[in-house]
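1. Build me a model:
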Amino acid sequence: MSLVKIAAKGVAVGLTLALVSVVKANEIKGKVSVQGIKSAENIAVYVDVIPDKKFDAPKDPVVVDQRKMAFVPHVVAAQQGTTVEFLNSDSVGHNVYWPSISGNKKLAHNLGTWPKGEKKPFQFNDVGVASLLCNVHPEMSGYVVVTPTPYFAVTDKDGNFEIKNIPAGKYTLKTWSEDGKPTTQAVDVSGATASVELTVKK
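-> Below you'll find the model as predicted:
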């Protein structure tokens, strides 16, 4: 192989490695344990406000279904500015409303009632938690947790979560849960993966 080809091959390999390093983003992997709460599932974990950093509103909507007389998923996390589409998959009419966002009654909203197969959108521009209710079926409840950054996750049934594509840096991690108190913890995302253990208490 000529020196020119060897050099060209070396440059190509170098560019490939550089691209891989750029594409590979950091992540936070963790587990939430609970004390006095029935389950570690459906706990929102998110990176709090990053000073001097603003994020564009997501282009893709998030769907919350009304299926088998329940909001699915029960808890959804969404970045500030996200449009949530509320779908009715049941054969009965459903209503969606929330009496406040994190206690602010001025942000209450009622989307009305609509039949099977239809959906109604709403853009959540205020950070906080909207408690979803249905005035036709009072047993139904759900939550939209509106976060200030695009770095969030909702725990699985074992309390595990994973937040991907985070730039290197030091952040404040927060939790929200239906039954527990909010928690706050500093996290340093300087390596490829930051491991975190959180405890949410009643």
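
2. got a pLDDT number for the most centrally placed residue in the chain?
-> The residue lying closest to the centre of the chain (C-alpha atoms, centre = their mean) is A77, at 3.2 Å. Looking at A77, its pLDDT stands at 98.

3. same deal with the one 5 residues further on?
-> As summarised for this prediction, T82 has a pLDDT of 98.

4. How much space separates it from V145?
-> As judged by C-beta to C-beta, to the nearest Å, T82 and V145 stand 11 Å apart. Every residue, glycine included, has its C-beta placed from N, CA and C.

5. Kindly report the domain assignment for this structure.
-> Annotated domains of the chain cover 21-54+156-202, 56-148 [automatic domain parsing].

6. Comparing these, which yields the minimum mean pLDDT?
-> The lowest average pLDDT among the domains of the chain, as it happens, falls on domain 21-54+156-202, at a mean of 93.

7. can you give me the helices for the chain?
-> 3-23 (DSSP state H).

8. Quickly note the distance from E178 to S131.
-> Computed with C-beta to C-beta, the distance linking E178 and S131 is 9 Å.

9. Common neighbours of the two, please.
-> Y143 (C-beta atoms under 8 Å, 6 or more residues apart in numbering).

10. re earlier: the residue nearest to the centre of the chain bridge partners, please.
-> Here A77 sits in beta bridges with V145, going by DSSP bridges.

11. likewise G128?
-> Assigned bridge partners for G128, using DSSP bridges, are V146.

12. May I ask you to confirm that it is in contact with K105?
-> No. Taking contacts as C-beta atoms under 8 Å, G128 lies outside contact range of K105: 11.9 Å.

13. Which one of these two is surrounded by more residues?
-> G128 (18 against 8; other C-beta atoms under 10 Å).

14. contacting residues for that one?
-> Taking C-beta under 8 Å, 6+ apart, we find G128 in contact with I101, S102, N104, L107, V146.

15. Let's see which of those end up in strands.
-> If you go by DSSP state E, those have V146 in strands.

16. Now for P138, how many residues are close by?
-> 8.

17. ok, and the most crowded of the contacts of G128?
-> Ranking the contacts of G128 using other C-beta under 10 Å puts V146 first, with 24 neighbours.

18. Roughly how far does the residue nearest to the centre of the chain sit from A57?
-> 15 Å.

19. Please apply the same query to K31.
-> Applying C-beta to C-beta, the value for K31 to A57 is 31 Å.

20. Among those two, which residue is more densely surrounded?
-> K31 (16 against 13).

21. which residues touch that one?
-> Counted by C-beta under 8 Å, 6+ apart, K31 has contacts A40, D158, G159, N160, F161, V196, E197, L198.
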